[in-house]
Structure formats: structure tokens, C-alpha cells
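Visitor: This is a predicted model, with the sequence first.
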Amino acid sequence: MLFLWLVIWAIITFSASEKTQMLKQQQKFITALEQRKWSRVDGMICKDYDDGALDATTLKAGMRQVLGGFYVLSITPEITKVQVIHGVGMVKTNLKVEGNGAGLSSMVVAEARRIKQPWFFHWHKRGFWPWSWELVQIHNDDMFVPPGALEK
């Protein structure tokens with residue numbers, strides 16, 4: 001009986017399209033950010049992350065700095081476009097950020113409301129497993145991070 005369940009799980013897991021796999025990883029990333037599960041967030045960001053302004057180390061530290069003061073945080077994505085081709089994918093989404101807390105939390109919510117342009121999350125599949133998608137870039141045209149604003 002256990003063998004049958006393992007076979008069914010394997011069929012369901014490995015037969016999912018790359019689009020479905022990437023979207024699951026996108027949702028897991030957003031959920032990890034909301035819960036501030038930094039080890040999960042870190043594990044989804046690739047080591048060679050580079051968005052032109054931030055590298056992986058600075059991005060991870062910046063997320064901790066910016067989101068760490070929230071007591072309650074809700075990030076609601078509204079996905080407008082998804083593209084996936086041979087292990088490379090992009091999710092275009094608007095993000096609604098709500099919450100409260102200390103530190104930068106009120107400024108983060110206000111800044112999120114100001115941003116009208118969608119966010120682009122770029123993913124690469126780095127292995128055989130359906131969950132081996134890694135985030136290689138996050139971009140938003142309305143977002144500007146001044147050099148040195150985020151600590152490493």
C-alpha cells in the first residue's frame with residue numbers, strides 16, 4: 001500500500017508542468033517572506049543572484065532589514081503574466097503589502113502602496129527535482145535602492 005502511494009506521489013509530483021512547478025515555488029517564496037522564514041527565503045535565492053543593483057548577500061540582508069520589523073505581514077500577489085521556457089521562467093505580478101510592526105514597517109507599507117509598476121520575478125530551474133527552482137532576479141521599474149542603503 002505504501003508503495004502505491006509513493007508511485008502516485010511521484011507521478012503527480014514529476015508530471016506537473018514547469019509552469020506549475022515555478023508558480024508553486026513563487027507562492028512558497030511569498031509565504032516565506034510573510035512568515036519571515038529566512039532560511040527558506042535564503043534557500044530559494046540563487047548564489048549568483050544579480051539584479052544590477054543587489055547581489056544575493058545584499059538582497060538577503062536587505063529583506064531582513066526591511067521586513068524584519070513586522071509583527072504581522074501580508075503580501076498578496078496578483079499575477080498578471082507567467083512565461084516558462086526550458087527551465088527559465090518569469091512571473092509578472094502586482095504585490096499588495098499590508099501589515100504593522102516596528103522599525104521600517106510603516107514606511108515599507110507606504111512605499112508598497114506608492115509602487116504602481118508590476119514586479120518581475122525571474123526563476124531558473126537548477127536541478128532535476130520539481131522544487132529546484134531558484135530566484136535569480138527581482139525587478140520593479142518604480143523601485144530604487146540607493147547605493148549603500150542596505151547593509152550586507
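Guide: Happy to help now that I have it.

Visitor: Can you read off the pLDDT for the residue nearest in space to the middle of the chain?
Guide: Note on the chain: the residue nearest the mean C-alpha position is F29, at 4.1 Å, using Cα atoms, centre = their mean. Note on F29: pLDDT of 98.

Visitor: That one contacts D42, doesn't it?
Guide: No: contact criterion Cβ atoms under 8 Å: F29 and D42 do not qualify, at 10.9 Å. C-betas here are computed from N, CA, C, even on glycine.

Visitor: still on that earlier bit, relative to F121, how far out is the closest residue to the residue nearest to the centre of the chain other than its chain neighbours?
Guide: Spatial nearest neighbour of F29, chain neighbours left out: M44 (5.1 Å); criterion: Cβ to Cβ, 6 or more residues apart in numbering. Distance of M44 to F121, given as Cβ to Cβ, to the nearest Å: 10 Å.

Visitor: what's the overlap in contacts for the two?
Guide: By Cβ atoms under 8 Å, 6 or more residues apart in numbering, M44 and F121 have these common neighbours: F29, L135.

Visitor: Compare the two (neighbour count), which wins?
Guide: Taking other Cβ atoms under 10 Å, M44 and F121 do not tie; F121 has more neighbours (23 against 17).

Visitor: Quick check: neighbours of the helix or strand containing the more buried one in the sheet, parallel or antiparallel?
Guide: Using DSSP states H and E, F121 maps to strand 119-125. Take DSSP bridges as the rule and strand 119-125 pairs in its sheet with strand 88-101 (antiparallel), strand 133-140 (antiparallel).
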